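Enquirer: 3D model of this:
(2 chains)
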2 protein chains.
Amino acid sequence: MMRDGSLNELLLIFLSKKGSYVSGEEISEKFGVSRTAVWKQVNHLRKLGYEIDSVPRVGYCLKRSPDLLLPEEIIQNSRLEFLARKIYHYPSIGSTNDEAKKLAQNGAPHGTLVIAEEQTGGKGRLGRRWVSPPRKGIWLSIILRPSLEPYQAPRITMTCAVAAAKAIRKVTGIDCRIKWPNDLLVKGKKVAGILTEMSADMDSINFVVTGIGINVNNTNFPKEIIETATSLKLASGKNVDRLKILTEFLSQFEVVYRCLEDGEFGKVLEEWRQLSCNLGKRVRIIGRNYELEGLALDVDGNGALLVKTNEGTVERVLSGDVSLRE
Amino acid sequence: MMRDGSLNELLLIFLSKKGSYVSGEEISEKFGVSRTAVWKQVNHLRKLGYEIDSVPRVGYCLKRSPDLLLPEEIIQNSRLEFLARKIYHYPSIGSTNDEAKKLAQNGAPHGTLVIAEEQTGGKGRLGRRWVSPPRKGIWLSIILRPSLEPYQAPRITMTCAVAAAKAIRKVTGIDCRIKWPNDLLVKGKKVAGILTEMSADMDSINFVVTGIGINVNNTNFPKEIIETATSLKLASGKNVDRLKILTEFLSQFEVVYRCLEDGEFGKVLEEWRQLSCNLGKRVRIIGRNYELEGLALDVDGNGALLVKTNEGTVERVLSGDVSLRE
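Expert: Prediction:
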């Protein structure tokens, strides 16, 4: 369902009149289809988990939506601009980032969303896997076509991190913090991760795909990550509405992204600093060919972490694994 | 033909025995097909332009190959290693880089080649077009999966430029030079251009596609570029064998690329410097948001041009258009 990015018009009508009755006749006239065709569509929605009441000679009434991140739900429950142009939704997919890259390569527009209820091959940084069980989290990728040079691409990760941290804080009240370069932590445990990928030549970016995985209602993690991972449910002690987190995140993303586009990335950087759990702390960084310990002084406008080493030099770190030392 | 990267076995046999007769019976036994099927295949090759003599009760003899850059010709006329694993050949295509990016996104291996006799939408840097008429040049993209960080990707452009300049010099004797960052010049006119694109996350490169367009036997250029473009034919006064240029380029590429892989990029850099037409000259650089004039001092290991400005500072230039001032 929804694989082609088009919308289910019937569901849009039901959602816009949630709790009220809509007559089958009205619907069949509006779409120029038979009453039987309408009834089939209603049953299709019921199979997805929509509770739809039907009263003879009165009509249909949508009582309750299932816990699904369908494009129609996103559109009905938010006021998005460029992020609502094209939304692809998959019950299950290998990796939303991989799918988004293919779509982008084939011309998908700026702002295209790729959402899955489950990822069977979810990816993190450095080739790691991101556990993405069905309906437990938000597994999402955004296709962007920013006017940035390739070395500025980490700005997109920072934009995404700020938007996600703000959304989580706003909806749940949880003290969610950003860990350089691409994770969100709650009480020191990973609740979300961001993987930004790009297609670029040496002068400019063709497209960026920024993917985010947010653990919302997961409670069981595989052994390898049980000590380091958490979810919003574990942190708050109750189920969290995935759709609310998602729509709030997308709304925040649009606001923060506008700063980036309007040459006001300094504002984003300042929010990032406020939300960071690294700055001012001692850190240890393990890169591909080096190890580094020191004081995390600041992050710069291209996403590099500035670390004052024990020898007193300041290193500009572009990539690596960070652990907090205090 | 050859769109799936598989090879025409009959053509391989003919090429390996060029000038000698191979009996139809031998061929039909070898492939387990009828004599009629062999005859059909022979006619298919004839339609491509292969001159194949056939003598009853003796067999077939390949006399002459057409001017085509077919995978079988490349393999038969070179001793390639990783660049011969998978070769896609197209009579006509939009852009070899675009096709290569799609193939790479779908898992095409390191070293995959995409070759076209014609590009209808050939691309240069900064969104410019690269005129690529049928059979007049080499329009080629190489898929690579190097262990480089994204900021090191310009090394691939430099590798490609060194290999191409050396191949052109060796085959034609023409004094071909590299113009920073991605062109090859003969007597100040552009004879080849390189467009390197990458798919990367913030830590590492997924794949690189480096595309090269070499004007070999073009003699007519569109008005806009008639003053700035040239071809090997125009420069040497005679037709140049495209296949020789291509196979020599690929062989050189393998050698130079091995340096890059073996941590000996310094050698490539030194060759680049020797072949450069910019270093030690006054240059003017027009970037997206700046203009700069000065003395081109050197290029660094990540492809940046070091320019000493009139004010005496040394600027590190990552991208921009360069014109020589003397």
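
Enquirer: on the three-state scheme, A:Gln43 is what?
Expert: Actually, residue A:43 is Asn rather than Gln. The three-state assignment at A:Asn43 reads helix, by DSSP: H, G, I helix; E, B strand; the rest coil.

Enquirer: neighbours of it, just the number please.
Expert: A total of 13 residues lie near A:Asn43 under the criterion other CB atoms under 10 Å in any protein chain shown. In short, each C-beta sits where N, CA and C put it, glycine included.

Enquirer: with A:Thr313 instead?
Expert: For A:Thr313, using other CB under 10 Å, the count is 9.

Enquirer: what distance do you get for it to chain B?
Expert: Relative to chain B, A:Thr313 is positioned 20 Å away (CB to the nearest CB, to the nearest Å).

Enquirer: relative to chain B, how far out is A:Asp175?
Expert: Computed as CB to the nearest CB, the A:Asp175 to chain B distance reads 26 Å.

Enquirer: name the element A:Met158 belongs to?
Expert: helix A:154-172 (DSSP states H and E).

Enquirer: mean confidence for the next helix or strand after that helix?
Expert: For helix A:154-172, the following helix or strand on the C-terminal side (DSSP H and E) is strand A:176-179. On average, the pLDDT along strand A:176-179 is 98.

Enquirer: following strand A:176-179, which helix or strand shows up next?
Expert: strand A:183-186.

Enquirer: any residue of that next one up close to chain B?
Expert: No - Strand A:183-186 stays clear of chain B (CB under 8 Å from any CB of the partner chain), getting no nearer than 12.7 Å.

Enquirer: alpha carbons only: can I get the helix holding A:Met158 in CSV?
Expert: Coordinates of each C-alpha in helix A:154-172 appear next as CSV, following Å, rounded to 0.1, in the frame of the first residue of the first chain:
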residue,chain,number,x,y,z
PRO,A,154,27.3,17.2,8.3
ARG,A,155,25.1,20.3,8.8
ILE,A,156,22.2,18.1,7.7
THR,A,157,22.9,15.6,10.5
MET,A,158,23.0,18.5,12.9
THR,A,159,19.7,19.9,11.6
CYS,A,160,18.1,16.5,12.0
ALA,A,161,19.5,16.0,15.5
VAL,A,162,18.3,19.3,16.7
ALA,A,163,14.8,18.7,15.3
ALA,A,164,14.5,15.3,16.8
ALA,A,165,15.8,16.3,20.2
LYS,A,166,13.4,19.2,20.3
ALA,A,167,10.5,17.0,19.2
ILE,A,168,11.2,14.3,21.8
ARG,A,169,11.5,16.9,24.5
LYS,A,170,8.3,18.7,23.5
VAL,A,171,6.1,15.6,23.2
THR,A,172,7.5,13.5,26.1
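
Enquirer: give me the distance from that helix to the chain's centre.
Expert: Centroid displacement of helix A:154-172 relative to its chain, using CA atoms, centre = their mean, to the nearest Å, is 9 Å.

Enquirer: likewise for stretch A:148-165?
Expert: Computed by CA atoms, centre = their mean, the chain-centroid distance of stretch A:148-165 equals 13 Å.

Enquirer: elements contacting whichever helix or strand A:Val208 is part of?
Expert: Using DSSP H and E, A:Val208 maps to strand A:205-215. Applying 3 or more CB pairs under 8 Å, 6 or more residues apart in numbering or on different chains; DSSP states H and E, one finds that strand A:205-215 makes contact with helix A:96-105, strand A:137-144, helix A:154-172, strand A:189-201, helix A:242-261.

Enquirer: so which of these is the most surrounded?
Expert: Highest mean neighbour count among the helices and strands packed on strand A:205-215 (mean count of other CB atoms under 10 Å in any protein chain shown): strand A:137-144, with a mean of 26.

Enquirer: tilt between it and helix A:154-172?
Expert: Using axes from the mean of the first three to the mean of the last three CA atoms, to 10 degrees, one finds that strand A:137-144 and helix A:154-172 are set 140 degrees apart in direction.

Enquirer: can you give me the angle strand A:137-144 makes with helix A:242-261?
Expert: Using the same axes, to 10 degrees: strand A:137-144 against helix A:242-261 is 30 degrees.

Enquirer: what average pLDDT does strand A:137-144 get?
Expert: Averaging pLDDT along strand A:137-144 gives 98.

Enquirer: angle of it against strand A:205-215?
Expert: 170 degrees.

Enquirer: give the pairing partners of strand A:137-144; include direction for each.
Expert: Sheet pairing of strand A:137-144 (DSSP bridges) gives strand A:113-116 (antiparallel), strand A:205-215 (antiparallel).

Enquirer: contacts for the first one next, please.
Expert: It stands for strand A:113-116. Residues from elsewhere that reach strand A:113-116, judged by CB atoms under 8 Å, 6 or more residues apart in numbering or on different chains: A:69, A:71, A:74, A:83, A:86-93, A:96, A:99-100, A:103, A:132, A:138-143, A:246, A:250.

Enquirer: give the rounded mean pLDDT of that strand.
Expert: For strand A:113-116, the mean pLDDT works out to 98.
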